[in-house]
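Q: only geometry, no sequence info:
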């Protein structure tokens, strides 16, 4: 009986310790911003070659233009005007 209670307690403790880690992984960083390029940046370069220009529409409705570059084994669009993640604007 004690062994079963110990295992149950260990499982609950493990789950409680993992919750903050899972929350950070879901949101990207501590400020809730996603890390890395959005999926559209990869899709924009499908069927293209490294160095080709491409564009996609951001979730905010902006047109993002840039150049396809290799990231690992995939092409990704590197924007001409990357977003400023410090809270400023791009102008």
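A: Nice, I can see it. This one's a predicted model, so the numbers in the text were calculated from it and none came from an experiment.
Q: now the strands for the chain?
A: 53-57, 63-71, 74-79 (DSSP state E).
Q: out of those, nearest to residue 43?
A: Nearest of the strands of the chain to residue 43, taken as CB to CB: strand 53-57 at 6.7 Å. C-beta coordinates here come from the backbone N, C-alpha and C atoms, glycine included.
Q: pick the most buried one from the strands of the chain.
A: Neighbour counts (mean count of other CB atoms under 10 Å) averaged over each of the strands of the chain peak at strand 74-79, with a mean of 19.
Q: direction included, what does that one pair up with?
A: Here strand 74-79 has these sheet partners by DSSP bridges: strand 63-71 (antiparallel).
Q: check contacts around residue 58.
A: By CB atoms under 8 Å, 6 or more residues apart in numbering, the contact list for residue 58 reads 38, 40, 64.
Q: which residues pair with the spatially closest residue to residue 52 that is not a sequence neighbour across the strands?
A: Leaving aside its chain neighbours, residue 52 sits nearest to residue 68 (4.9 Å; criterion: CB to CB, 6 or more residues apart in numbering). For residue 68, the residues forming beta bridges with it (DSSP bridges) are residue 77.
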